[in-house]
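Q: Could you work out the structure for the sequence below:
(2 chains)
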There are 2 protein chains.
Amino acid sequence: MQQQSAPLDFRTDPAVYRHWTLTINAPLAELTLNVAEAAGISPGYELKQNSYDIGVDIELADAIQRLRFEHPEVHAVVLRSGRPGIFCAGANIRMLAGATHAHKVNFCKFTNETRNAIEEASAESGQRYLAAIGGTAAGGGYELALATDHLLLIDDGNAAVSLPEVPLLAVLPGTGGLTRLTDKRRIRRDLADVFCTLEEGARGARALEWGLVDEIAPRSQFVAAVQSRALTLAALSDRPNGESGIALPRLERQIDNSGIHYRYLDVVFDPTLATATLTLKGPERDLADDVTQVRALGAQLWSIALLRAFDDALLHLRCNEPNIATLVLRSSGNLDRVLRHDAWLNAHAALWWVREIHLFAKRTFKRLDLTSRTLVALIEPGSCFAGFLAELLFAVDRSYMLDGTIDGETSHPATIALTRTNFGALPMSNGISRLETRFYGDANAIPRLLPLVGAPLDAAAARAAGLVTFTPDDIDWRNEIRLFLEERASFSPDALTAMEANLRFPGPETMETKIFARLSAWQNWVFQRPNAVGDDGALKRYGTGQRPRYDKTRI
Amino acid sequence: MQQQSAPLDFRTDPAVYRHWTLTINAPLAELTLNVAEAAGISPGYELKQNSYDIGVDIELADAIQRLRFEHPEVHAVVLRSGRPGIFCAGANIRMLAGATHAHKVNFCKFTNETRNAIEEASAESGQRYLAAIGGTAAGGGYELALATDHLLLIDDGNAAVSLPEVPLLAVLPGTGGLTRLTDKRRIRRDLADVFCTLEEGARGARALEWGLVDEIAPRSQFVAAVQSRALTLAALSDRPNGESGIALPRLERQIDNSGIHYRYLDVVFDPTLATATLTLKGPERDLADDVTQVRALGAQLWSIALLRAFDDALLHLRCNEPNIATLVLRSSGNLDRVLRHDAWLNAHAALWWVREIHLFAKRTFKRLDLTSRTLVALIEPGSCFAGFLAELLFAVDRSYMLDGTIDGETSHPATIALTRTNFGALPMSNGISRLETRFYGDANAIPRLLPLVGAPLDAAAARAAGLVTFTPDDIDWRNEIRLFLEERASFSPDALTAMEANLRFPGPETMETKIFARLSAWQNWVFQRPNAVGDDGALKRYGTGQRPRYDKTRI
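A: Numbering: from 1, shown residues only, chains lettered A, B, ... in the order given. The predicted structure follows:
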């Protein structure tokens, strides 16, 4: 596919999965991969050997999300293959060979986010993952396993783990593999070099000795070993027993020529300015004091519904609207009510499902940070950027807050408000809060901001606190924003993407930022090189019987 | 220049500089940039507006090196322009527009190394740098200033600092600019976004308010302010007074068809295997106990002479031998004598010039880490990998140590030896030693290795300690190494470069690793995109009166 055949839809559910089966057997769940070869998301390739395209990963991401919200009783998850001899062969090569550069980049970004969601579930949701590697795990298949807590490899003389991308395909293991080898599993870098250049990978005892897997078991004991280890992992969980989950019904949305419309989010396109304006709507009513009543709202709870819409919109825009240069973030609603919602969630943060809401917000805002479009926030009268919505102001590349009201309108001037949600509940990929990132290196910043918690800040106060970039008055407002949006649309999209990827992540680095900022940047480079993607390159020639021809210049 | 016209020669000295003037006026030195417009290193462009190509930067790197070794009396260095109204316009755009992708990448790498050398001189050599910005500093010109300790901008209503790459050229400020803005100068990321999209940059008071410069001075007071601030910086130095320096005479070498030959280093090419074998030679004799006698050797001192040769060879190979896939590192000499040299240097590490030797080794080995060729060490009988030479074993992607002797030869089996030099004296760009990097995350590794200091380790002991990768015996030796070199030569050069760039830097990140691993990777990506380098791209169209045409897809 040189162009995608149809818009990608990230909404799915287990009843319609083509590639994965989700089986619940509390405290365990099993996610079984049995890829439907003919059911690739685009025409032109078959998903042989349990290889995947983004369609397979959309189901996986959905399953991980549902396990967290819908299944409090699941305390550990087993990833396994439904096919003998093969765990997963990684990303489908024919798909990669035919995909546009943009699709390859977006595909890798999404699979990386999904692997990170597995690790986050393990670390923060009490839902640990085990990879039951009953057959060969190659490339992205091994990278999927690397995202789990425990890799249990069948020791049958055949099954191997491998990262054969460099020798076979002239690309990198691009779903975190290199970084997880060195930084998570702490494989010595010379051994990692050997492993990553070995087409056949490592089997059994050698894989264990090198630290590539955590455990091996002969065929006769494999199933029992998986079960036993999964129960051990489940026993570490702090998730409840006997509680029901929060069902995630199909997300309702309408897409029309003007944009995308959800209950709490409106997305409006402006092709001339190359913008999508996302207006996030505040809650219509306050939450009851009674936990049971709030819990009964299920996925209709404002924060859950809004996050689901926002997450879906970000993915849709990323993959299906490549010509949008700038996402304009607005909000509309009652600021005090948002503050009260935010306070309710913080007061009940220890509940397993409230924890899931915070973690969902964290993942969604990380996805925003990684969106390769310019991000700008407009703060106008009637907006409600408070608490977890205020977090968006610190995710954007810059923000404009109207000082005063628009001439002739009677609404009150805009205010924003910080809550303690902004001080650590929603860390970025770099492990620190957006406020810490914003004021990186200024030890006085957080002590200076903490006393502002809960107070409505008008434009002058917000600017003085360093929380917004510009505060034009109504004389300049429309013109200044139009000029900015026109300017942004006139710049090179590549230069902007690369610049923003750098400026958004000052300060410390983590495995996640290394995966996105270093590994992915190198992979993006490789994904443009003729040695990989040219007609004589490895991706194109793989499986044709012809060897690739390389320009041998080392750069 | 689509191809370089002539091999680059990194050897120069102030007597033949075309672009810089070095003036010593202890405790200060002045480095004045007055680019000879017609003296570009390749034909096809003029170095207008004090813009630079790699030839200008080769002189700067040489000056920084000489200031350290030859001028202990210099305690602060002023970077200034010899031209009114312009400090430096950055990398020459015509040069970039005509250069190969490989040259652009190597050019940026070298300029980055040179900027890092300025920061290292400031931090560790007691030679602080001041940028006397008496006119506009644009793009790479401002990035050069950002590498200094103190940016003093003339406040004359005209002079500005700017990073106009994104709006004007569709590339990044690629010489550390983005990372230094956020991580060194801690400019808030939204202000950095504004600054980096503002063609005209910031002048005077605004530049100071945003933290883009440290000080401003009106024209009438500029010279005095520079002098005063430079003396203040000089007063912080721990460099000596009244000592003479170590002169760095022209580095002698012969280049012939077989390779490059220096006194202590032999480089031999094998075009079939695409290798360059670098054999580092140990010292011929022991050092006297008497410091004065050793000091009198000047640049003939083995460690200095070897490092100069090694550094020169790395740069030569990087820029002039793009088809070499693998650097094979060997050594030859008396291991015990290397140990005694190493011990001598450690015993006198507090002397300013011994400190410079260690820092030189540190910089050179960092350059090795950043060399985009496969690095392998072969440890054979007669080798002398001890102390600072053993460090090379931990810089390479993998190592082979012969277990025993080659059949029929009478030499003793190879040994290697650690010294305390390997435990922190030569940190990598990531701020930790190569041994800490090698055993990243293993808290017991360093305590386990420390007792081995000084002891000769044979192949079995070295392998058991995790210090070498493979230890074939004489039956397998030649074959195993040939297979490895053939395999490496058969892989995609791009995939290898990207893989090695990831595996070589496990663990923590610093501003330097962020510059090389994140910013440079993104810039390499941009340097391939048609929006920058295509016929309608910004680099090609800049200055033609035609606006660039962009593919607006955001990726």
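Q: And for the most centrally placed residue in chain A, nearest residue in space, chain neighbours not counted?
A: Centroid-nearest residue in chain A, with Cα atoms, centre = their mean: A:Glu113, separated by 3.4 Å. Of all residues beyond its chain neighbours, the one nearest A:Glu113 is A:Arg367 (6.1 Å), with distances taken as Cβ to Cβ, 6 or more residues apart in numbering or on different chains. C-beta here means a position set from N, CA and C on the backbone, and glycine is covered the same way.
Q: repeat for A:Gly543
A: Closest to A:Gly543 by Cβ to Cβ, 6+ apart is A:Ile93, at 6.9 Å.
Q: Dihedrals phi and psi, the one you found?
A: phi -80, psi -40 (degrees, to the nearest 10).
Q: And it, how close does it get to B:Pro322?
A: 29 Å (Cβ to Cβ, to the nearest Å).
Q: Over to A:Gly140?
A: 31 Å.
Q: Equivalent analysis for A:Arg188, please.
A: 30 Å.
Q: what does A:Asp458 give?
A: In terms of Cβ to Cβ, A:Asp458 sits 59 Å off from B:Pro322.
Q: Have a look at these two and say which one is more surrounded.
A: Counted by other Cβ atoms under 10 Å in any protein chain shown, A:Asp458 and B:Pro322 do not tie: B:Pro322 has more neighbours, with 21 against 18.
Q: That one is in contact with B:Leu8, isn't it?
A: No: the pair B:Pro322 / B:Leu8 is not scored as a contact, 11.7 Å apart, by Cβ atoms under 8 Å.
Q: which residues make contact with the helix or strand hosting A:Phe484 from outside it?
A: In this structure, A:Phe484 is located in helix A:477-490 according to DSSP states H and E. Contacts with helix A:477-490, where a contact means Cβ atoms under 8 Å, 6 or more residues apart in numbering or on different chains, come from A:273-275, A:325-326, A:328, A:374, A:376, A:378, A:398, A:400, A:402, A:406, A:470, A:472, A:496, B:167, B:197, B:552.
Q: Of these, select the buried ones using a PyMOL command.
A: Command for PyMOL that selects the buried part of these, burial taken from 16 or more other Cβ atoms under 10 Å in any protein chain shown:
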select buried, (chain A and resi 273+274+275+325+326+328+374+376+378+398+400+402+470+472+496) or (chain B and resi 167+197+552)
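Q: Mind checking which of the contacts of helix A:477-490 are in strands?
A: A:275, A:326, A:328, A:374, A:376, A:378, A:398, A:400 (DSSP state E).
Q: Show the pLDDT at the fifth one.
A: Right, the one you point to is A:Val376. With respect to pLDDT, A:Val376 has a value of 98.
Q: Can you name the residues bridging to it?
A: A:Val328, A:Arg398 (DSSP bridges).
Q: With adjacent residues omitted, what lies nearest to A:Tyr129?
A: Nearest one to A:Tyr129, counting by Cβ to Cβ, 6+ apart, is A:Thr148 at 3.9 Å.
Q: Ok, A:Ala61 next?
A: A:Thr114 (4.5 Å).
Q: what sits against the one you found?
A: Here A:Thr114 is in contact with A:57, A:60-61, A:64 (Cβ under 8 Å, 6+ apart).
Q: For A:Leu265, which non-adjacent residue is closest in space?
A: Using Cβ to Cβ, 6+ apart, the nearest residue to A:Leu265 is A:Ala309, at 4.1 Å.
Q: That neighbour and A:Phe10, how far apart?
A: 12 Å.
Q: These two: which has the busier surroundings?
A: Between A:Ala309 and A:Phe10, A:Ala309 has the larger neighbour count (other Cβ under 10 Å), namely 25 against 20.
Q: If we go by neighbour counts, what in the lengthiest helix in chain A is buried?
A: If you go by DSSP state H, chain A has its longest helix at helix A:101-124. Residues of helix A:101-124 classed as buried: A:102-122 (neighbour count, 16+ other Cβ under 10 Å).
Q: how much space between the residue nearest to A:Ala61 and B:Thr182?
A: With Cβ to Cβ as the criterion, A:Thr114 and B:Thr182 are 28 Å apart.
Q: do A:Pro322 as well
A: Taken as Cβ to Cβ, the span from A:Pro322 to B:Thr182 is 28 Å.
Q: Surely A:Leu335 touches A:Thr415?
A: Yes: A:Leu335 lies in contact with A:Thr415 (Cβ under 8 Å); the separation is 6.2 Å.
Q: Contact partners for A:Leu169?
A: A:Leu169 neighbours (Cβ under 8 Å, 6+ apart): A:93, A:96, A:532, A:538-539, A:542, B:495.
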